[in-house]
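> My questions are about this predicted structure, shown below with the sequence.
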Amino acid sequence: MTAIAGKIPATIVTGFLGAGKTTLMRHVLENARGRRIAVIVNEFGAIGIDGALLQDCGIEGCDDGSIIELANGCICCTVADDFLPTMEQLLARPQPPEHILIETSGLALPKPLIKAFDWPAVRSRVTVDGVIAVVDSRAVAEGRFADDPEAVARQRAADPSLDHDNPLAEVYEDQLMAADLVVLNKLDLIDDDTAAQLAGAIGGKVARPVKIVRAREGQVDPTVLLGLFAAAEDDLAARPSHHDAEGEHEHDDFESFPMTIGEIASPEALIARLKRVVEAHDVLRIKGFVAVSGRPMRLVLQGVGGRFRHHFDRPWAPGEARAGILVVIGQTGLDRAAIEAAIRG
């Protein structure tokens, strides 16, 4: 995994909300074998749930010094204000990292971030070792994103009721087209034939050769993910984007808000309420952690659409307030009061 020309390698991990980016990052950190890795996490919203899940995972070296959260907005829109100063601070450390992992928010476009590595102070020290796109196999198989954008465009032109593009589909495709490696994740939720069809569809979207790795729970050997030597900052022309002609892109279709929640008696009852909230409101994702009465461990919740998963990750620390925090992400116009009331029951 020697960096190109002595530069520090950086890996950009991109993917839509709930695809499994944080799980994959944890797996890499758990198998770092003493390698000095810095992690930059770009949250969507003010509460750093993903950063907290990485910091509190109990992995040696995975602490406040190695995990940096950028929560002031989408990383591809705040490159100059947030990302570049953060990189300069990392590089100025007495012991700079040996590898940098960057987890983008689910709405970030990879290409503006890759372009940021042309910044002189960064380019001389860091190279984009590779862009990893993590795909939620089940979500794509359910038709959340179009396999044939041209067919959708023809359908849109023929239907006068459709007067807007699908920004989620564009972001998804931009992530694929920027990738050096695609992780087809959550294969336990689909069958082998569907997985083969998805791999073929993804290969058809990306003009250049791109490797596709199949995974469950983000379990991919770090030797597969790191050491790609892509030098993506020198290969931008081969990574087309729907937004190449635009200076910036808008995220006005989405919003998020955090909410606190007291101790719960039953994880199953809470998840049932969360599922009803997703069905009744334009909610894309709910994530966070809560305290369960009578249990010493913190319960982590991750929900995408109507699918929820939960596990106990660590004990509550002595003196730590057993206060739960959930972040709700959805379409603009969420009825926050109604959602909070329904979740608290």
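On my side now, so go ahead. Numbering: from 1, shown residues only.
> Would you map the helices across the stretch 101-250 of the chain?
With DSSP state H, counting those that start in this stretch, the ranges of helices along the stretch 101-250 of the chain come out as 110-116, 120-123, 137-141, 149-158, 167-178, 192-205, 222-225.
> what packs against the third one?
Read that as helix 137-141. In terms of contact count using 3 or more CB pairs under 8 Å, 6 or more residues apart in numbering; DSSP states H and E, helix 137-141 is assigned the packing partners helix 192-205. Glycine gets a C-beta too; all of them are placed from N, C-alpha and C.
> residue contacts, residue 21?
Residues counted as contacts of residue 21 (CB atoms under 8 Å, 6 or more residues apart in numbering) are 13, 14, 15, 50, 103, 104, 106, 134, 218.
> Which one among these sits at the bottom for pLDDT?
pLDDT across these is lowest for residue 50, at 51.
> Domain-wise, how is the protein divided?
Following automatic domain parsing, the chain resolves into domains at 4-238, 254-344.
> pLDDT weak spots in the stretch 51-200 of the chain?
Residue ranges of the stretch 51-200 of the chain with pLDDT under 70: 51-65, 69-82, 143-167.
> could you dump the helices of the stretch 101-250 of the chain to TSV with distance to residue 328 and mean neighbour count?
Putting those into TSV (distance: least, CB to CB, whole Å; neighbours: other CB atoms under 10 Å) gives the following:
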stretch	distance to residue 328	mean neighbour count
helix 110-116	25	22
helix 120-123	34	14
helix 137-141	18	21
helix 149-158	29	12
helix 167-178	17	22
helix 192-205	28	14
helix 222-225	30	16
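> Looking at the ones you listed, spot the one closest to residue 24.
helix 222-225 (7.8 Å; CB to CB).
> related to what we said a few turns ago, with respect to burial, which of the domains of the chain scores highest?
Relative to the other members of those, domain 4-238 carries the highest mean neighbour count by mean count of other CB atoms under 10 Å, namely a mean of 18.
> and that domain, how far out from the chain's middle?
Centroid displacement of domain 4-238 relative to its chain, using CA atoms, centre = their mean, to the nearest Å, is 6 Å.
> what about the residue nearest to residue 308 when sequence neighbours are not counted, helix or strand, and which?
With sequence-adjacent residues excluded and distances taken as CB to CB, 6 or more residues apart in numbering, residue 308 is closest to residue 271, at 4.8 Å. Using DSSP states H and E, the element containing residue 271 is helix 267-280.
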